[in-house]
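Q: Following is a predicted model, sequence given first.
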Amino acid sequence: MALEELVTELKTVWKFDYEPSIKALRDLYETAKKEQWNAATDIDWTRDIDKDGDILDPEQDAFRSFDFVKALPEDKQKELAVRRAAWTLSQFLHGEQGALLCCGQLVEVVPDMDGKLYASTQVIDEARHVEVFHRYVQRLDRVYPIDPALQTVLNAILEADMWQMKCVGMQVIVEGLAMGSFKIMKKGTSDPLLKSIVELTAQDEARHVSYGLIYMKDEIPRMSGPDRDRLEDFAWTAIDIMAGGGRRMSSQAELYAGLGIDTEAAVEELRERFRDPKQRANRPNAFRQYVIPQLQRIDLITERTAPNYRKLGFEV
Ligand SMILES: [Fe+2]
Ligand SMILES: [Fe+2]
């Protein structure tokens, strides 16, 4: 099976002061220990997936209103909807692995014992998430390859030379996106199995986001000017790669194979529609609803970087 290696420079930090120093993180560590669940036994895997229903929120799935989709016979539209759901959930599966790798790094790189202890609980949380999504996606259809834009961001986080970049990149941006998306999915899916999965995972992701917010709220004001600028730029670049509409659509071309779709025309229509910020404005969107407000809460969107966000259609 495919193996991909990444050589990263990690500064591994020992901490010999074991006394709690960041109370909110220590409390979160206690909560995390209490709220463990088991992906093998706490999910009712005997349930069948209702593939005729809405796996993804119809409102979230803009595809349905697109000309190239509406032109298909109904059975092909259904097949495409299932593939789309499997593609999207495959990205979450790969994202979960990225989170697993990243919080393993956080155990090593963060300078506080409370930060290390908490991150250790997240390692097992993410292992569970990899397990549940893999199981679900395989049942639904198959695991699709990682989207190049997502992998670029995850690699940048894993390779980052500042622990604060890992913390903001993973815990605030990627975790915020996961938590928001799972909440939106929970509301929109008609499949009870997926609903139960995203309900449990969203609870964990909310904790993971809290870790990032608690830690970074205190840390960012302490950072030097140049480091802080680098962190702001890192956050902006990650958002631009992931939310910069249209650009990632081409990687989904393999979804259309065998359905009689004119792939080129489809990609062009997607680009066109997603380029228009108004198209996205009224749809549930985890960036707008969760990630951007979180970056604002830790003061990481400044006068210097705000115009970049506005260009993408975010009101900041
Ligand atoms: Fe996760
Ligand atoms: Fe997470």
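A: Here it is on my side, so go on. Just so it is clear, the model here is predicted, and its values are computed rather than measured. Ligands and ions are numbered 1, 2, ... in the order given.
Q: can we go C-alpha only for contacts and neighbour counts from here?
A: OK.
Q: Do you know the pLDDT at Met1?
A: Looking at Met1, its pLDDT is 63.
Q: what's the answer for Ala86, then?
A: At Ala86, the model reports a pLDDT of 95.
Q: if I pick it, what's in contact with it?
A: The contact partners of Ala86, by C-alpha atoms under 8 Å, 6 or more residues apart in numbering, come to Val137, Leu140, Asp141, Arg142, Val143, Tyr144.
Q: Which residues are in contact with the fourth one?
A: I take that to be Arg142. Shown in contact with Arg142 (C-alpha under 8 Å, 6+ apart): Ala86.
Q: can you check the first one too?
A: With contacts taken as C-alpha under 8 Å, 6+ apart, Val137 has the following neighbours: Ala86, Leu89, Ser90, Val143.
Q: Please repeat the previous calculation with a cut-off of 10 Å.
A: Residues in contact with Val137 (C-alpha atoms under 10 Å, 6 or more residues apart in numbering) are Arg83, Ala85, Ala86, Trp87, Thr88, Leu89, Ser90, Phe92, Leu93, Val143, Tyr144, Leu194.
Q: Around ligand 1, which positions in the protein sit nearby?
A: Contact residues, the chain versus ligand 1 (C-alpha under 5 Å from the ion): Glu96, Glu126.
Q: longest single helix anywhere in the chain?
A: Determined from DSSP state H, the single longest helix within the chain is helix 74-109.
Q: Can I have the buried ones of the contacts of Val137 as a PyMOL selection?
A: Buried members of these can be picked out in PyMOL with the line below, counting by 16 or more other C-alpha atoms under 10 Å:
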select buried, resi 83+85+86+87+88+89+90+92+93+143+144+194
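Q: where does the stretch 51-200 of the chain dip in pLDDT?
A: Low-confidence segments of the stretch 51-200 of the chain, defined by pLDDT under 70: 60.
Q: Out of the contacts of Ala86, flag the one nearest to ligand 1.
A: Nearest to ligand 1 among the contacts of Ala86 is Val137, at 15.2 Å by C-alpha to the ion.
Q: measure that closest one to His129 for me?
A: From Val137 across to His129, the span is 12 Å (C-alpha to C-alpha, to the nearest Å).
Q: Find the nearest non-adjacent residue to whichever residue of the stretch 201-316 of the chain sits closest to ligand 1, please.
A: Residue nearest to ligand 1 within the stretch 201-316 of the chain (C-alpha to the ion): Glu205, separated by 5.8 Å. Nearest non-adjacent residue to Glu205, counting by C-alpha to C-alpha, 6 or more residues apart in numbering: Met179, 5.2 Å away.
Q: buried residues in the host helix or strand of that neighbour?
A: Using DSSP states H and E, the element containing Met179 is helix 175-188. Going by neighbour count (16+ other C-alpha under 10 Å), the buried part of helix 175-188 is 175-186, 188.
Q: circling back to that earlier point, what residues do Val137 and His129 have in common as contacts?
A: Common contacts of Val137 and His129 (C-alpha under 10 Å, 6+ apart): Phe92, Leu93.
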